[in-house]
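Enquirer: Sequence first, predicted coordinates after that:
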Amino acid sequence: MAESRAGTVAQPQDLVDVAHLVTAYYTQTPDPEDVDQQVAFGTSGHRGTSLRTSFNEHHILATTQAICDYRKEQGYDGPLFIGRDTHGLSEPAWATALEVLAANDVTVLVDADDRFTPTPAVSHAILRANLGKSLSRSGAGSAGLADGIVVTPSHNPPSDGGFKYNPPHGGPADSDATSVIAARANALIAAGLDGVRRVPFARARAAASSYDFLGTYVDDLPHVVDLDAIREAGVRIGADPLGGASVDYWAAVAERHRLDHTVVNPLVDPTWRFMTLDWDEKIRMDCSSPNAMASLIARKDAFDIATGNDADSDRHGIVTPDGGLMNPNHFLAVAIGYLFGGARPGWPDSARIGKTLVSSSMIDRVAASLGKPMVEVPVGFKWFVPGLIDGSFGFGGEESAGASFLRTDGTTWTTDKDGIILALLASEILARTGRTPSQHYTDLVAEHGDPAYARIDAPADRAQKAKLAALSPDDVSATTLAGEEITAKLTEAPGNGATIGGLKVTTASAWFAARPSGTEDVYKIYAESFQGPEHLARVQDEARVVVSAALG
């Protein structure tokens, strides 16, 4: 068996042919009857690749027209902020979207320097434009409200494209919106794009106005993170944008706020030839992956804190000299303990902790020790949006290294994931406590135990995935899991009663959750045990049996 190349630098054979990718975007036409070639919004928008006719010009023309129709129905007539990341398909899709937006007389705001725009900067811009306005869903009060589009497939491989709509609340659109948009987009594709309005790009670009995404966001950072403390402590920071949209932002953060900060890799290349390969020997800008982050981990001793972001900067990776790359769950637990443990006196005492149901139970134990209420929601950052808007959530985070939190005065910062402020928070923790986040996690383990956590995939066809998403607790006949009595069988999130699109089973010291993949013929099993790796393996094995039995 050939030795795995995971964690090694990409070779020529690993690189996408960008010219071919873009040509396919413009020349391939999706089959409206093929479900794999239809518009489908997952937890973060529509994603696909032009090479498999799942992300092509037809998709973006139809989806943008559907967004225009939707915002008109909702009464949103304010400006629309649009940003893009560094993927090879992002600029073509951005250009296509501008043509449709202009034809529909939408006031469009694009980056002042025609550069890349992180997802959190778009969320920040939307909220700033809507400050003081009622975020009514539709009708009365919706006039003048701004919204946005981010052209990004997040951390996905270089061949992928993505297209995400953020309504006036600034966060990811909920399923009520995306189901309407996707249905309309697919109807337009089936109709041969009859009903899509479009003008030439030159006219569309000339009609767009400029917005200083970078300056507005970077200048506002002292209101959410203690940059003075970082500067005064002389924290040496190394930030790797991983070839993504944060590249200019990190340079600006260092210059404008006078931090001891190095942009480790300022290169942008749509092939990502400088990346180290992920676990499956693919290029993937996953800042929570030790393989994708191998280059930065190798330089951990050169900085007090090193950080990485994915392509649209909504995720974070934290590297410390003593601990290397932190598990995302570990840093979430540390961040919550720090923020709610006295670091934010301006937050309301009633502010709650939000976590997804597949995040570590260490967070539950930290919340209980702090005496702070915790809310467990389904997978997807959209579930945190209402709480971040009204300040009832001080923090919302998910196991995939995505989170955001309130400004120091307890008001909203962003309602989408923000990998930049989470990366800066790691330096704030070190500056104000004198200890790295990984050292703080060691303290949490000493107090609460040492959980073993992992995610694995199991095969499932389309029918099985649909059945898994529709399970009820009664479909699970098992009464024990890995030697412990089952304490709960959940198909709805305990924090808000929303359907989780799968199953979670818990015991006194362990749990597993199974959810169907939105893009592959597998289901994902998340599992954790406070009894160690061997018990975790038993949980995983029995989880497969439980799910297989439930699926018949």
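Expert: Looks like it arrived, so ask away. Residues are numbered from 1 along each chain as shown.
Enquirer: you'd agree W272 is up against D286?
Expert: No: W272 lies out of contact with D286 (C-beta atoms under 8 Å); the separation is 11.7 Å. Heads up, the C-betas are built off the backbone N, CA and C, glycines and all.
Enquirer: end to end, how far does stretch 396-416 reach?
Expert: The straight-line separation of the ends of stretch 396-416 (C-alpha to C-alpha, to the nearest Å) is 10 Å.
Enquirer: And for stretch 288-300?
Expert: With C-alpha to C-alpha as the measure, stretch 288-300 spans 15 Å from end to end.
Enquirer: Kindly report the same for stretch 503-522.
Expert: 15 Å.
Enquirer: next one: stretch 399-407
Expert: One end of stretch 399-407 sits 22 Å from the other (C-alpha to C-alpha).
Enquirer: Now do it, average pLDDT.
Expert: Stretch 399-407 shows a mean pLDDT of 96 in the predicted model.
Enquirer: same question, stretch 60-69
Expert: Averaged across stretch 60-69, pLDDT comes to 98.
Enquirer: Tell me which residues of it come out buried.
Expert: Judged by neighbour count using 16 or more other C-beta atoms under 10 Å, the buried positions of stretch 60-69 are 60-69.
Enquirer: again with stretch 208-223
Expert: Of the residues in stretch 208-223, 208, 211, 213-214, 217-218, 221 count as buried by neighbour count, 16+ other C-beta under 10 Å.
Enquirer: Including distance to E447, pLDDT and secondary structure, could the residues you listed go into CSV?
Expert: Listed next are these as CSV, based on distance: C-beta to C-beta, whole Å; pLDDT from 0 to 100; DSSP: H, G, I helix; E, B strand; the rest coil:
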residue, distance to E447, pLDDT, secondary structure
A208, 53, 98, coil
Y211, 46, 98, strand
F213, 41, 98, helix
L214, 41, 98, helix
Y217, 36, 98, helix
V218, 37, 98, helix
L221, 32, 98, helix
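Enquirer: Tell me which two in those residues are the farthest apart.
Expert: Maximum pairwise distance in the buried residues of stretch 208-223, criterion C-beta to C-beta, is 26.1 Å, between A208 and L221.
Enquirer: how many other residues sit next to A206?
Expert: Look at A206: counted by other C-beta atoms under 10 Å, it has 10 neighbours.
Enquirer: correction: V476
Expert: There are 18 residues near V476, going by other C-beta under 10 Å.
Enquirer: Neighbours of the closest residue to it other than its chain neighbours, how many?
Expert: Distances taken as C-beta to C-beta, 6 or more residues apart in numbering put K489 closest to V476, at 4.9 Å, once the chain neighbours are dropped. By other C-beta under 10 Å, 21 other residues sit near K489.
Enquirer: elements contacting the host helix or strand of L127?
Expert: Per DSSP states H and E: L127 is located in helix 119-129. Counting contacts by 3 or more C-beta pairs under 8 Å, 6 or more residues apart in numbering; DSSP states H and E, helix 119-129 packs against strand 80-84, strand 147-151, strand 160-166, helix 213-220, helix 419-433.
Enquirer: Got the confidence number for T43?
Expert: 73.
Enquirer: Skip the chain neighbours and tell me the closest residue to it.
Expert: Excluding the flanking residues, the one nearest T43 by C-beta to C-beta, 6+ apart is G380, at 4.1 Å.
Enquirer: Burial check on the one you found, number of neighbours?
Expert: The number of residues packed near G380 is 20, by other C-beta under 10 Å.
Enquirer: thinking it is in contact with P172, fair?
Expert: Yes: under the criterion of C-beta under 8 Å, G380 makes contact with P172 at 7.1 Å.
Enquirer: Now do the shared contacts for those two.
Expert: Taking C-beta atoms under 8 Å, 6 or more residues apart in numbering as the contact definition, G380 and P172 share the neighbouring residues T43.
Enquirer: Quick check: which ranges of this structure have low pLDDT?
Expert: Along the chain, the parts satisfying pLDDT under 70 run over 1, 136-142, 519.
Enquirer: I'd like to know how many residues surround R544.
Expert: By the measure other C-beta under 10 Å, the count of residues near R544 is 15.
Enquirer: Let me know the secondary structure of it.
Expert: helix (DSSP: H, G, I helix; E, B strand; the rest coil).
Enquirer: May I have the residues that are in contact with the residue lying closest to it once chain neighbours are set aside?
Expert: Distances taken as C-beta to C-beta, 6+ apart put A458 closest to R544, at 5.7 Å, once the chain neighbours are dropped. Listed by C-beta under 8 Å, 6+ apart, the contact set of A458 reads 522-523, 525, 544, 547.
Enquirer: how about 10 Å then?
Expert: 464, 514, 517, 522-525, 540, 543-544, 547-548 (C-beta atoms under 10 Å, 6 or more residues apart in numbering).
Enquirer: Among the residues you listed, which pair sits farthest apart?
Expert: Of all pairs drawn from the contacts of A458, the greatest distance, 18.2 Å, lies between Q464 and Q540 (C-beta to C-beta).
Enquirer: ranges for the strands of the stretch 401-550 of the chain?
Expert: Assigned by DSSP state E, counting those that start in this stretch, the strands in the stretch 401-550 of the chain fall at 402-405, 452-459, 480-481, 484-485, 488-492, 499-506, 510-516, 522-529.
Enquirer: I meant to write the stretch 1-150 of the chain there.
Expert: With strands called from DSSP E, counting those that start in this stretch, the stretch 1-150 of the chain shows them at 41-42, 45-49, 80-84, 108-111, 147-151.
Enquirer: got TSV for these, with mean neighbour count and distance to D314 too?
Expert: Below are the strands of the stretch 1-150 of the chain laid out as TSV (neighbours: other C-beta atoms under 10 Å; distance: least, C-beta to C-beta, whole Å):
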stretch	mean neighbour count	distance to D314
strand 41-42	18	14
strand 45-49	23	11
strand 80-84	28	11
strand 108-111	22	17
strand 147-151	28	9
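Enquirer: that older thread, in PyMOL, how would I select just the buried ones from the contacts of A458?
Expert: Buried residues within the contacts of A458, by 16+ other C-beta under 10 Å, are selected in PyMOL with:
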select buried, resi 464+514+522+523+524+525+540+543+547
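Enquirer: Would you format the contacts of A458 as JSON lines with distance to R128 included?
Expert: Converted to JSON lines, the contacts of A458 look like this (distance: C-beta to C-beta, whole Å):
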{"residue": "Q464", "distance to R128": "45"}
{"residue": "A514", "distance to R128": "40"}
{"residue": "S517", "distance to R128": "36"}
{"residue": "V522", "distance to R128": "40"}
{"residue": "Y523", "distance to R128": "40"}
{"residue": "K524", "distance to R128": "36"}
{"residue": "I525", "distance to R128": "40"}
{"residue": "Q540", "distance to R128": "45"}
{"residue": "A543", "distance to R128": "44"}
{"residue": "R544", "distance to R128": "47"}
{"residue": "V547", "distance to R128": "44"}
{"residue": "S548", "distance to R128": "49"}
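Enquirer: And for the residue lying closest to H330 once chain neighbours are set aside, the neighbour number?
Expert: Nearest non-adjacent residue to H330, counting by C-beta to C-beta, 6+ apart: Y441, 4.6 Å away. Per other C-beta under 10 Å, the neighbour tally for Y441 reads 22.
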